[in-house]
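Undergrad: Test case, fold it:
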Amino acid sequence: MTTYDVTKVMAALPHRYPMLLVDRVEELVPDQSIAAIKAVTINEGFFQGHFPGRPIMPGVLIVEALAQAAGVLAVESLGLGGSGKLVYFMAIDGAKFRKPVEPGVLLRLEVTFVQKRASVCKFAGVAKIDGQVVAEANFTAMIADPPAKG
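TA: As a prediction, this is how the structure comes out:
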């Protein structure tokens with residue numbers, strides 16, 4: 001089992017502020033699962049407009065946070081660290097949002113491999129606050145080279 005601080009997360013993912021949605025990895029079991037944390041703070045830019053007077057993290061960003069955790073899992077499990085390979089969304093299935101995610105919480109992102117191949121992986125993800133499921137989704141991602149610089 002492996003843990004990562006934000007510096008190691010940034011070494012595994014190309015995302016940067018404001019789109020980096022994984023703050024740390026609490027558990028990583030290669031080829032199996034990851035548990036990561038997103039500290040949701042009122043300083044997030046999306047809270048300015050979603051929604052004034054009742055700040056709620058957009059569901060699409062919760063799914064993106066799950067996908068980023070899956071990206072760390074895939075990069076580490078497939079030995080892609082430093083390769084420049086990217087993990088791209090291909091499909092999102094069965095997304096469900098159970099409770100609003102508000103500022104001031106630690107959002108736990110739990111993702112497991114459903115299927116792992118060299119270029120396409122399937123995952124199941126659950127987002128929790130204090131052990132209670134707030135969102136879930138199944139998704140598929142493709143491992144690919146970054147776009148050519150022109």
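
Undergrad: CA atoms for contacts and neighbours, from now on please.
TA: OK.

Undergrad: Which strands or helices does the longest helix anywhere in the chain pack on?
TA: The residue-count maximum for a helix in the chain (DSSP state H) belongs to helix 59-77. Applying 3 or more C-alpha pairs under 8 Å, 6 or more residues apart in numbering; DSSP states H and E, we find helix 59-77 packed against helix 6-12, strand 33-40, strand 86-97, strand 105-116, strand 120-129, strand 132-144.

Undergrad: Including distance to residue 76 and mean pLDDT, could the ones you listed go into CSV?
TA: Shown next, in CSV, are the helices and strands packed on helix 59-77 (distance: least, C-alpha to C-alpha, whole Å; pLDDT from 0 to 100):
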stretch, distance to residue 76, mean pLDDT
helix 6-12, 8, 94
strand 33-40, 10, 98
strand 86-97, 12, 95
strand 105-116, 12, 97
strand 120-129, 13, 98
strand 132-144, 12, 96
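
Undergrad: Now render these as JSON lines, adding distance to residue 60 and mean neighbour count.
TA: Formatted as JSON lines, those follow (distance: least, C-alpha to C-alpha, whole Å; neighbours: other C-alpha atoms under 10 Å):
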{"stretch": "helix 6-12", "distance to residue 60": "21", "mean neighbour count": "16"}
{"stretch": "strand 33-40", "distance to residue 60": "14", "mean neighbour count": "22"}
{"stretch": "strand 86-97", "distance to residue 60": "9", "mean neighbour count": "16"}
{"stretch": "strand 105-116", "distance to residue 60": "14", "mean neighbour count": "21"}
{"stretch": "strand 120-129", "distance to residue 60": "12", "mean neighbour count": "21"}
{"stretch": "strand 132-144", "distance to residue 60": "10", "mean neighbour count": "20"}
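
Undergrad: Quick one: closest of those to residue 70.
TA: strand 105-116 (6.1 Å; C-alpha to C-alpha).

Undergrad: rewinding a little: how about the longest helix of the chain: buried residues?
TA: 59, 62-77 (16 or more other C-alpha atoms under 10 Å).

Undergrad: again with stretch 143-150
TA: Applying 16+ other C-alpha under 10 Å to stretch 143-150 flags residue 143 as buried.
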